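*Asks:* Predicted coordinates and the sequence they were generated for:
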Amino acid sequence: MLIRYFITIFVIIVMFIITSFMFNIKLPSIRLRIKWLNIFMILIYAVNMMILILDKQYLLIIPLIIGIGLINFAIKYLSNTKNYILWYTIIFLLLISQIILMRLDFYLAFKQLFFIILGIFLRFILLYTKFIWLNSKNETLSIVILSILICSPFIFGVTKNGANNWVSINNISFQPSEFVKIIYIYLIALYFAKSDLIKPFILTAFVIGTLFIQRDLGSAFLYIGVFLIMIYVLTQNIRWVLIGLGCGSVLGIFSTFLFSHVKSRIIAWLNPWSDVDGMGYQLTQGMFAMGTWGVFGSGLNNGIPTKVPYVTTDYIFVAIVEELGLIVSIAVILSYLILGIVGINISIQQKEYFSKYLTLGCTSIIVIQSFVILAGILQIIPLTGITLPFVSYGGSSLISMFIMISILEIIDNDINEANSIEMFKEMLWKIKILKKFK
């Protein structure tokens, strides 16, 4: 039980080091801070995994070795990139994800570890090819791919939790709407860069309408939120936001009458205690789990988060609160705030409108999705059934998030390269002037 206090202290130190990179405060050199960050991240992972191994889960020695190797490699490699704040924050989220998934379901955690390695590999490919698709700006091909992806559940669809938003082909299942996000943001950025408002409205209506038919209301409202943020940044007109909120409200009201699973979620949200063993079971079990152990949590393997339905996906944050404690949970929330701040900063730096809107869209998706699912768990809004980025189990979600973060990194690197070239040209120009004076 004492180990939980040390883990909490290690997490506080890690978050302090990550946030210190964002401010000009008098601390040891960046290289030394990166060294300590590496040590404490490995300590967090190793200590938690050893707790599970000592609980006779000996097979966890394999992911322990792989995980320590990945953390060590990632920290040292990323220290040479400009985007280390972005990636260190993601490493922390992936770290927490692996710890809690290994505790909840060994098999799912192993699969998630595979998707993490795949995402890292994909990041290298996208970074070194500079994601050729970004520069192609091929509108027609993008629309075709988006249409195929979003309509594929009508042919190969599998219904889960009331929504027909999964595709299953030869025992391989994935969620097309996760990859539609990337193409949607790409197309909206293309249109907004040309100050075109008609096509974005048509595209958004098509995407939201299709998701509504598939009964995937969580994703539909996510697209509405992202579109409203982007159109407000373009027009600086609050009326568009109010109109969008009105349309979203109407859509929500209609969905309660049309879809029984949506109605059940809203009833459970309004009064979960009216049917504790039925509609309110997930919410009430989540509240019991989060409210039992307090600031430091129960300690890994001492809680009973498996009583909560969908605890590896929608409700994984509940398991973090119960076993790792309130402070670690706040660190997770803070991580999404850091991702939002870094993403917005990258967007602001862009001179080209396409890059500005693309980075804004990617950042909006990550931040809105994070806080929508967190708000649902905390009963601020009804549950939406979407995943917690980089933490919840899910290959489709994780890979799409890796792609969006890679896009942010590519565009940020491009602007830095452009600035370096301009500085070099300016230096040459000054040298020529000096020669003339001589």
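*Replies:* Sure, I can see it.

*Asks:* okay, and for this structure, where does confidence drop off?
*Replies:* For the chain, applying pLDDT under 70 flags the ranges 1, 24-28, 56-60, 76, 78-81, 131-136, 414-438.

*Asks:* Would you list the phi and psi of the spatially most central residue of it?
*Replies:* With distances taken as CA atoms, centre = their mean, P389 lies nearest the centre of the chain, 2.9 Å away. With angles defined as degrees, to the nearest 10, P389 sits at phi -50, psi 130.

*Asks:* Apart from its neighbours in sequence, what residue is nearest it?
*Replies:* M401 (5.0 Å; CB to CB, 6 or more residues apart in numbering). Placement of C-beta: from N, CA and C, glycine included.

*Asks:* Contacts only, for the one you found.
*Replies:* 119, 366, 389-390 (CB atoms under 8 Å, 6 or more residues apart in numbering).

*Asks:* Quick check: longest strand in this protein by residues?
*Replies:* For the chain, the longest strand by residue count, based on DSSP state E, is strand 163-169.

*Asks:* Where does the residue nearest to P389 sit: helix, strand or coil?
*Replies:* Following DSSP: H, G, I helix; E, B strand; the rest coil, M401 is assigned to helix.

*Asks:* For the longest strand of the chain, enumerate the helices and strands it packs against.
*Replies:* helix 153-156, strand 157-160, strand 172-174, helix 176-193, helix 217-235 (3 or more CB pairs under 8 Å, 6 or more residues apart in numbering; DSSP states H and E).

*Asks:* For the third one, name the packing helices and strands.
*Replies:* It refers to strand 172-174. Counting contacts by 3+ CB pairs under 8 Å, 6+ apart, strand 172-174 is packed against strand 163-169.

*Asks:* Describe which strands the strand it packs on pairs with in its sheet and in which direction.
*Replies:* Strand pairing for strand 163-169, using DSSP bridges, gives strand 157-160 (antiparallel), strand 172-174 (antiparallel).

*Asks:* returning to that earlier point: I'd say the residue nearest to the centre of the chain and F371 touch.
*Replies:* No: with contact defined as CB atoms under 8 Å, P389 does not reach F371; the gap is 10.4 Å.

*Asks:* and for those two, which residues touch both?
*Replies:* With CB under 8 Å, 6+ apart, P389 and F371 have common neighbours Y336.

*Asks:* and stretch 197-205, which residues are buried?
*Replies:* The neighbour-count check on stretch 197-205 (16 or more other CB atoms under 10 Å) flags 199-200, 203-204 as buried.

*Asks:* got it, and stretch 142-151?
*Replies:* Under 16+ other CB under 10 Å, the buried positions of stretch 142-151 are 142, 145-146, 149-150.

*Asks:* Tell me the one among the residues you listed nearest to Y184.
*Replies:* L146 (6.5 Å; CB to CB).

*Asks:* follow-up on the earlier one: list the contacts of the longest strand of the chain.
*Replies:* By CB under 8 Å, 6+ apart, strand 163-169 touches 152-154, 156-160, 173-177, 211, 214-219, 261, 385.

*Asks:* what's the helix or strand harbouring I9 packed up against?
*Replies:* Following DSSP states H and E, one finds I9 within helix 3-20. The elements that helix 3-20 packs onto, with contact taken as 3+ CB pairs under 8 Å, 6+ apart, are helix 30-54, helix 84-104, helix 326-349.

*Asks:* which helices and strands does whichever helix or strand comes after the last one pack with?
*Replies:* The helix or strand immediately downstream of helix 326-349 is helix 353-377, counting by DSSP H and E. Here helix 353-377 touches helix 176-193, helix 217-235, helix 316-319, helix 326-349, helix 395-437, going by 3+ CB pairs under 8 Å, 6+ apart.

*Asks:* and with 6 Å instead?
*Replies:* helix 176-193, helix 217-235, helix 326-349, helix 395-437 (3 or more CB pairs under 6 Å, 6 or more residues apart in numbering; DSSP states H and E).

*Asks:* Distance of I365 relative to F212?
*Replies:* From I365 across to F212, the span is 19 Å (CB to CB, to the nearest Å).

*Asks:* out of the two, which sits in the more crowded spot?
*Replies:* The neighbour count for I365 versus F212, taken as other CB atoms under 10 Å, is higher for I365 (24 against 17).

*Asks:* can you pull the contacts of the more buried one?
*Replies:* Contacts of I365 were listed using CB atoms under 6 Å, 6 or more residues apart in numbering, and they are 181, 226.

*Asks:* Equivalent analysis for the one 4 residues further on, please.
*Replies:* By CB under 6 Å, 6+ apart, the contact list for Q369 reads 222, 386, 389.

*Asks:* what do you get if the cut-off is 8 Å, keeping everything else the same?
*Replies:* 222, 386-389.

*Asks:* do the same with W273
*Replies:* Per CB under 8 Å, 6+ apart, neighbours of W273: 280, 284.
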